[in-house]
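Asker: A structural model of the following input is requested.
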Amino acid sequence: MYLVQAEVADEPAELQQGLMFRTELAENNGMLFIFPHRGTQCMWMRNTLVPLSVAFLRDDGTIVNIADMTPRSEVSHCSTEPVRLALEMNQGWFAKRNISVGMQIKGVPARP
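Answerer: Presented below is the predicted three-dimensional model:
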């Protein structure tokens, strides 16, 4: 079991800014994005200085796909199915813990 301290981004400005301009992210810290509607969600790294991995999640916390993202890149990384949730962590966080597609992240907010 791993305890993650995730900031929640669920307002339009928070969803847009995410982890931009941060110079570091503590080992088990991240950001949980809660989008208003289920859909194909895409993330990019413009103005993001820390290398990140993003896990796209179903409402029950099941991981749909995970992508590694390069700092300051405008390349889009998208969910492979419609989702409302995405969890960004330091790059490699999921891989180092053998957390992969199909596994479930517990404690994500219940569906509204």
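Asker: please identify the helix or strand for the most centrally placed residue in the chain.
Answerer: Centroid check for the chain by Cα atoms, centre = their mean gives residue 87 as the closest residue, at 2.3 Å. Here residue 87 sits within strand 83-90, counting by DSSP states H and E.
Asker: that strand: how far from the chain's middle?
Answerer: 2 Å (Cα atoms, centre = their mean, to the nearest Å).
Asker: contacts for it, please.
Answerer: 4, 6, 18-19, 25, 27, 29-41, 43, 50-59, 61, 64, 79, 105, 108, 111 (Cβ atoms under 8 Å, 6 or more residues apart in numbering). No exception for glycine: its C-beta is placed from N, CA and C like everyone else's.
Asker: buried members of those into ChimeraX, please.
Answerer: Buried residues within the contacts of strand 83-90, by 16 or more other Cβ atoms under 10 Å, are selected in ChimeraX with:
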select :6,18,19,25,29,30,31,32,33,34,35,41,43,50,52,53,54,55,56,57,58,61,64,79,105,108
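Asker: so what pairs up with the residue nearest to the centre of the chain in the strands?
Answerer: residue 32, residue 55 (DSSP bridges).
Asker: sketch out the strands for the chain, chain order is fine.
Answerer: 5-9, 29-39, 42-43, 52-57, 63-69, 77-78, 83-90 (DSSP state E).
Asker: can I get the ones you listed in a markdown table including mean pLDDT?
Answerer: Listed next are the strands of the chain as a markdown table, based on pLDDT from 0 to 100:
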| stretch | mean pLDDT |
| --- | --- |
| strand 5-9 | 96 |
| strand 29-39 | 97 |
| strand 42-43 | 98 |
| strand 52-57 | 98 |
| strand 63-69 | 98 |
| strand 77-78 | 98 |
| strand 83-90 | 98 |
